[in-house]
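J.: sharing a model that was predicted from the sequence below.
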Amino acid sequence: MAARLHRSRLLLVLAVSLVQPATAQAPKSALLVLLGGDTKTWQAACEERGWQFLQPSADSAGKSPDQRVKALSAEVEEAEKRLPVDPNRVYLAAQGGSVSTLFYVAARMPDLWAAAVAAGGSPRAAIDSNRLFAANNTNLPVLWLFANQDEEPLGKKLQSAGFNLEWREPAAAKPEEIFEWLAAHRRDPFPTTADCETGSPLFTHCYWIEVTSFDPAERNDVLDSTRVQPLGSGARLALGPFGYNPAEPGPGVLVASLPEKYAGPLKLNDRIVELGGKKLGDAAEYAQILYRTFDEKPVVVMVQRGKDRIRLETKIELAPGAEPVTARVRAQYLPDLQEVEVVSRAITQMKLTLPESWLPAKINWNGTEVANATAAGCWLLDEQKELLTAKRCQ
């Protein structure tokens, strides 16, 4: 009797183990990456919705802006391995003084994000970097909640250049509406059109395209540059990034926002009242002085902090120079023609990753049919002595 009872229990355990999986995987959720802002508010909103939250490391000493973008990408990829994250629902956000960084990141590495939202702040510093290429944001929608009406022309400038941007006044968007706007967007790893421009070998991957060899001599007048032209000289004080309202009345310039973990000498509500021994009437005068400055030079700044006046020795520095030569590739999948059409400039080799759903498809590169793709995966496009070829990647 005991033996039969033992066998019955054993059979029951085996039956249950066959019905239930050995390990249950956690459902994948969205991830919000906050470059700077009110951490507690954004994190609480993510927890309420079951989203993952990431605030990247602030350790950027000695790194260029482009190196910081690459470090950010590595942190996001690590988070995707460590957390149950849906890679097609990774969102970018920034607030106040970190907003210019968001625009820079969105233009340099667009294929990492499903959508981005900028709360307040200004894209001015990103535009003046000379490294914003509007084509890169064809598939990345950005929502900008501008803090003051005088910044609206910057939004129009970006939009007219082709930047995928919409903007609203902050009062017109409640927090839940911001998250609803983000959640309505998903990253498509295989958009039918991928348009990418770069002047840096650090940024060669764009959705299903990876550029592997550049040659500035390979001209193509069909593809113009999509660089968003700077507003002025790009001059700025070497005091670290800070936000101010160009329409704010004087005296001087009111420091309205600072990035999180800001390490410079300024504090919120400081007023920069003198620049190089000259009194500043208001923020508009300050902006005009920098707009017309084309040389880097040391300068003394006087800051009013409450009842105290603080003397700061710093310098006027210029934004990094424009990358003189850029490469651009625009690739499209044309389902009616069953064709992948690739047009490129300053590129002699690239890899295309084609999904099964597009095949079979002809690959046409700069007007030459180079392959009839019947297998999904990686295809290598190569130019040797003006001969265009394509083959499966090794």
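T.: Good, I have the coordinates.
J.: the stretch 51-200 of the chain: helices as residue ranges?
T.: Remark: helices assigned in the stretch 51-200 of the chain by DSSP state H, counting those that start in this stretch are 65-82, 99-108, 124-128, 152-161, 175-183.
J.: could you identify which of those is most buried?
T.: For the helices of the stretch 51-200 of the chain, ranked by mean neighbour count under the definition mean count of other CB atoms under 10 Å, the leader is helix 99-108 at a mean of 27. Bear in mind the C-beta positions are built from the backbone N, C-alpha and C, glycine included.
J.: of all the helices of the stretch 51-200 of the chain, which one is nearest Thr353?
T.: Evaluated over the helices of the stretch 51-200 of the chain, closeness to Thr353 peaks at helix 65-82, with 17.1 Å, by CB to CB.
J.: now the closest one - C-alpha only, CSV.
T.: Backbone C-alpha positions of helix 65-82 (Å, rounded to 0.1, in the frame of the first residue of the first chain) are rendered in CSV as follows:
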residue,chain,number,x,y,z
PRO,A,65,31.0,64.7,-26.0
ASP,A,66,31.2,61.8,-28.5
GLN,A,67,33.0,59.5,-26.1
ARG,A,68,30.3,60.3,-23.5
VAL,A,69,27.6,59.3,-26.1
LYS,A,70,29.4,55.9,-26.7
ALA,A,71,29.7,55.4,-22.9
LEU,A,72,26.0,56.0,-22.5
SER,A,73,25.2,53.5,-25.3
ALA,A,74,27.3,50.9,-23.4
GLU,A,75,25.4,51.5,-20.2
VAL,A,76,22.1,51.1,-21.9
GLU,A,77,23.2,47.8,-23.6
GLU,A,78,24.4,46.6,-20.2
ALA,A,79,21.0,47.5,-18.6
GLU,A,80,19.2,45.6,-21.4
LYS,A,81,21.2,42.5,-20.5
ARG,A,82,20.8,42.9,-16.7
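J.: that older thread, among the helices of the stretch 51-200 of the chain, which is nearest Thr39?
T.: When the helices of the stretch 51-200 of the chain are compared (using CB to CB), the closest one is helix 175-183, at 14.4 Å.
J.: now do that closest one: which elements does it pack against?
T.: Here helix 175-183 is seen to pack against strand 29-34, helix 39-49, strand 85-95, strand 115-119, strand 142-145 when contacts are counted using 3 or more CB pairs under 8 Å, 6 or more residues apart in numbering; DSSP states H and E.
J.: so which of those is the most surrounded?
T.: Scoring the helices and strands packed on helix 175-183 by mean neighbour count under mean count of other CB under 10 Å gives strand 115-119 as the most buried, with a mean of 24.
J.: who does it touch, helix- and strand-wise?
T.: Strand 115-119 makes packing contacts with strand 85-95, helix 99-108, strand 142-145, helix 175-183 when contacts are defined by 3+ CB pairs under 8 Å, 6+ apart.
J.: go again using 10 Å as the cut-off
T.: strand 85-95, helix 99-108, strand 142-145, strand 165-168, helix 175-183 (3 or more CB pairs under 10 Å, 6 or more residues apart in numbering; DSSP states H and E).
J.: ok now that strand, how far from the chain's centre?
T.: Using CA atoms, centre = their mean, to the nearest Å, the distance from the centre of strand 115-119 to the centre of the chain it belongs to is 10 Å.
J.: which neighbours in the sheet does that strand have, and how are they oriented?
T.: According to DSSP bridges, the neighbouring strands of strand 115-119, each with its direction, are strand 85-95 (parallel), strand 142-145 (parallel).
J.: show me the one of those strands that comes nearest Val299.
T.: Closest to Val299 of these, according to CB to CB: strand 85-95, at 28.5 Å.
J.: how far away from the center of its chain is that closest one?
T.: 11 Å.
J.: what's the mean pLDDT across it?
T.: Averaged across strand 85-95, pLDDT comes to 96.
J.: sorry, back to before: Ser344 is nearest to which of the strands paired with strand 115-119?
T.: Among the strands paired with strand 115-119, strand 142-145 comes nearest to Ser344, with 25.6 Å by CB to CB.
J.: thinking again about what came up before, which of the helices and strands packed on strand 115-119 comes out lowest on mean pLDDT?
T.: Comparing mean pLDDT over the helices and strands packed on strand 115-119, the weakest stretch is strand 165-168, at a mean of 88.
J.: and it, which strands flank it?
T.: Applying DSSP bridges to the sheet, strand 165-168 is found paired with strand 142-145 (parallel).
J.: please convert the helices of the stretch 51-200 of the chain to TSV, extending it with distance to Tyr91.
T.: Listed next are the helices of the stretch 51-200 of the chain as TSV, based on distance: least, CB to CB, whole Å:
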stretch	distance to Tyr91
helix 65-82	11
helix 99-108	11
helix 124-128	18
helix 152-161	19
helix 175-183	5
